[in-house]
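Novice: This is a predicted model, with the sequence first.
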Amino acid sequence: MSGHPPVIVYPPSSTGGRRVTVHGQIVGLAHGRGEVASFLRNAGLALGAEEIYLDRPELIEWRGGDLDTWT
């Protein structure tokens with residue numbers, strides 16, 4: 001795979017939450033898995049109730065921890 005996946009979740013900030021970008025654009029500050037999934041739905045990366053797998057490295061790059069790291 002060349003380059004980065006379309007979604008990057010950055011390390012937890014000192015004030016809480018993790019910045020999320022989709023295709024290089026900031027889409028919000030997530031405080032949990034549900035918010036990351038919501039950002040992906042809003043960005044059109046999942047339709048309706050379609051399950052979103054947050055552990056897919058071709059979709060999401062987790063920096064500074066994995067999907068269980070929030071503080």
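Specialist: That came through, no problem.
Novice: Which residues are in contact with the closest residue to Tyr53 other than its chain neighbours?
Specialist: Excluding its sequence neighbours, the residue lying closest to Tyr53 (Cβ to Cβ, 6 or more residues apart in numbering) is Leu59, at 7.4 Å. Placement of C-beta: from N, CA and C, glycine included. Residues near Leu59 by Cβ atoms under 8 Å, 6 or more residues apart in numbering: 5-7, 40, 45, 53.
Novice: Could you report the pLDDT at Leu59?
Specialist: Looking at Leu59, its pLDDT reads 93.
Novice: what's the distance between it and Ser14?
Specialist: 27 Å (Cβ to Cβ, to the nearest Å).
Novice: Go through the lowest-mean-pLDDT helix or strand in the chain and flag the buried ones.
Specialist: Every helix and strand of the chain was ranked by mean pLDDT, DSSP states H and E. The lowest is helix 33-42, at a mean of 93. Residues of helix 33-42 classed as buried: 35-40 (neighbour count, 16 or more other Cβ atoms under 10 Å).
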